[in-house]
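[1] For reference, the sequence and a predicted model appear below.
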Amino acid sequence: MAEEILTEVSAHVPDASGNVAAEFGRLLTAPLPDGLLRTELLRGSDDEWRIQSLWRDQAALDAMRSGPEPPAAPALFKRLGAEPVLRILRVEARSAS
């Protein structure tokens, strides 16, 4: 069984809460990449934003990253003038609720 992968792209985006949410909404209107199981926009304190995306496996993530378009989450933050930080994590365990 392939291991799922969680990507987390974060950035500090001051005074742009409406813009971040609107840009994320636009992303969701386009066809989603093959192997993307879930994606969500999170807001923390001090204008810290995160986009977490769950991928079927590393191959699905690699296929998206090698495509002709740049990865959507970092591009979103760059359009808003922020410098994104990417973390890639393997899902090791999960609750079956």
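    The structure has been received and is ready for your questions. Numbering: from 1, shown residues only.

[2] mind listing the helices for this structure?
    17-29, 58-65, 72-79 (DSSP state H).

[3] Adding mean neighbour count, mean pLDDT and distance to Ala2, write the ones you listed out as TSV.
    Every C-beta, even on glycine, is put in place using the N, C-alpha and C of the backbone. Below are these laid out as TSV (neighbours: other CB atoms under 10 Å; pLDDT from 0 to 100; distance: least, CB to CB, whole Å):
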stretch	mean neighbour count	mean pLDDT	distance to Ala2
helix 17-29	13	90	25
helix 58-65	16	96	7
helix 72-79	18	95	22
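
[4] Minimum distance to Leu36: which of the ones you listed has it?
    helix 58-65 (7.2 Å; CB to CB).

[5] Next up, phi/psi of Ala30, please.
    phi -90, psi 160 (degrees, to the nearest 10).

[6] Any idea how many residues pack against it?
    9 (other CB atoms under 10 Å).

[7] which one is Arg79 nearest to, not counting chain neighbours?
    Spatial nearest neighbour of Arg79, excluding adjacent residues (CB to CB, 6 or more residues apart in numbering): Glu23 at 6.7 Å.

[8] Might you report the residue contacts of that neighbour?
    76, 79-80 (CB atoms under 8 Å, 6 or more residues apart in numbering).

[9] what's around Gly35, how many residues?
    19.

[10] Go through the contacts of Glu23 and say which is closest to Ala96.
    Leu76 (31.7 Å).

[11] And the closest one, how close does it get to Ala82?
    The gap separating Leu76 from Ala82 is 9 Å, by CB to CB, to the nearest Å.

[12] ok, Ala82 to Gln58 distance?
    Distance from Ala82 to Gln58, by CB to CB: 27 Å.

[13] Ok, Val9 next?
    17 Å.

[14] cool, and Leu27?
    Taken as CB to CB, the span from Leu27 to Gln58 is 22 Å.

[15] circling back: can you tell me which of the contacts of Glu23 is nearest Asp46?
    Leu80 (15.7 Å).

[16] Thank you, goodbye.
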